[in-house]
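[1] Attaching a predicted model along with its sequence, questions to come.
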Amino acid sequence: MVRKYRIEDYEEGLSFPFNIQLDISVKTEFPEHTHDHTELVLILKGSATHMVNGRPYFVQAGDVFVFSPHVRHGFRQALGLEMVNIMFRPEILSGLHSDIKGFSGFQTLFVVAPSSREDFPCRLRLTPKALAFAAGLTTRIIGEFEKKAEGYRSLCRALFCEFVIFLVRQYGREGAEIEAPAATLRLAETVAWMEKNYLGQAGLEEIAKLSGFSRRHFIRLFKEHYQTTPLRYILDLRIRHSQALLNHTDRRITQIAFDSGFTDSNYFSRQFRRSVGHSPAEFRRRTAGNP
């Protein structure tokens, strides 16, 4: 029987969808299981055969991987295995500034790989120096989580975001050891490019060509991993950009439309209302004076 773990099984599940624990109890094996939350695993010491949807993969100290809820996995033939398990729901990453989404490491590790139907879609292997730093950071998070001093939820969230950024930087370093399907890497790199260039006028054909996929295949992959279309994704980025300009500048709405990547201010207003529920002018009035 495959057990399913719920984040609500943990003390903080409902009010704080986050849990972290050091696991040194896997002497030989840990039965395959699933969970209703995203799980990040950092192997601190030892090695094991990692069973993922019934298939074996060798893992060892320094390996980092992220799983989505639907994946069945467990460990066999463990030798001195020590690991940190971080269980969370994606909203816990809301504290990250949008700039981190413009890096392929974030898109690969935390979006495309966890949503992949591949058995073991991505693995990052840290150097011994990087592993030591990562271990120290997770020790701090565990300490805060267990002591539960004032403000610990905010600090756990902040430290976890720091940990995520650290992993993204390790992914981007020269010579980084990464194991992932070519399609995963290409899609992640393309979305990272979109995050940085959404104000430009690149069309779907150009973006698909950049990805190396056919237009049809690119749209299918994008929908599979992001639950929306590429053009809708860019449109949402532009709308969020325009919201920031409406909140923090006194530019005219027509200028904000152009500054947000729209070539037609009327089209901008229609799409803004459709997405936000108010016209740009109404949104500005409603949020005036808000930080």
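    Here it is on my side, so go on. Numbering: from 1, shown residues only.
[2] give the contact list for the residue of the chain most remote from its centre.
    Distance from the C-alpha centroid of the chain peaks at residue 252, with 34.6 Å (C-alpha atoms, centre = their mean). Taking C-beta atoms under 8 Å, 6 or more residues apart in numbering as the contact definition, residue 252 lies against nothing. Using the backbone N, CA and C atoms, a C-beta is placed for each residue, glycine as well.
[3] again, 10 Å this time
    258, 265 (C-beta atoms under 10 Å, 6 or more residues apart in numbering).
[4] which residues touch the spatially most central residue of the chain?
    When C-alpha atoms, centre = their mean is applied to the chain, the residue found nearest the centroid is residue 110 (2.9 Å). By C-beta under 10 Å, 6+ apart, the contact list for residue 110 reads 38, 40, 66, 90, 93, 96, 100-101, 122, 164, 167-168, 188.
[5] and it, which of the three is it?
    helix (DSSP: H, G, I helix; E, B strand; the rest coil).
[6] Could you export stretch 71-86 as PDB, keeping only the C-alpha atoms?
    Extracted C-alpha coordinates of stretch 71-86, given in PDB (Å, rounded to 0.1, in the frame of the first residue of the first chain):
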ATOM      1  CA  VAL A  71       4.900  11.600  -7.900                       C
ATOM      2  CA  ARG A  72       5.300   8.300  -6.000                       C
ATOM      3  CA  HIS A  73       8.700   7.800  -4.600                       C
ATOM      4  CA  GLY A  74      10.700   6.200  -1.800                       C
ATOM      5  CA  PHE A  75      14.200   4.900  -0.900                       C
ATOM      6  CA  ARG A  76      15.900   1.500  -1.000                       C
ATOM      7  CA  GLN A  77      19.500   0.300  -0.300                       C
ATOM      8  CA  ALA A  78      20.200   3.400   1.800                       C
ATOM      9  CA  LEU A  79      23.800   3.700   3.100                       C
ATOM     10  CA  GLY A  80      24.400   6.300   5.800                       C
ATOM     11  CA  LEU A  81      21.500   8.400   4.300                       C
ATOM     12  CA  GLU A  82      20.800  11.800   5.800                       C
ATOM     13  CA  MET A  83      18.500  14.300   4.100                       C
ATOM     14  CA  VAL A  84      16.400  17.300   4.700                       C
ATOM     15  CA  ASN A  85      12.800  17.200   3.500                       C
ATOM     16  CA  ILE A  86      11.100  20.600   2.900                       C
END
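[7] I am finished for the moment; much appreciated.
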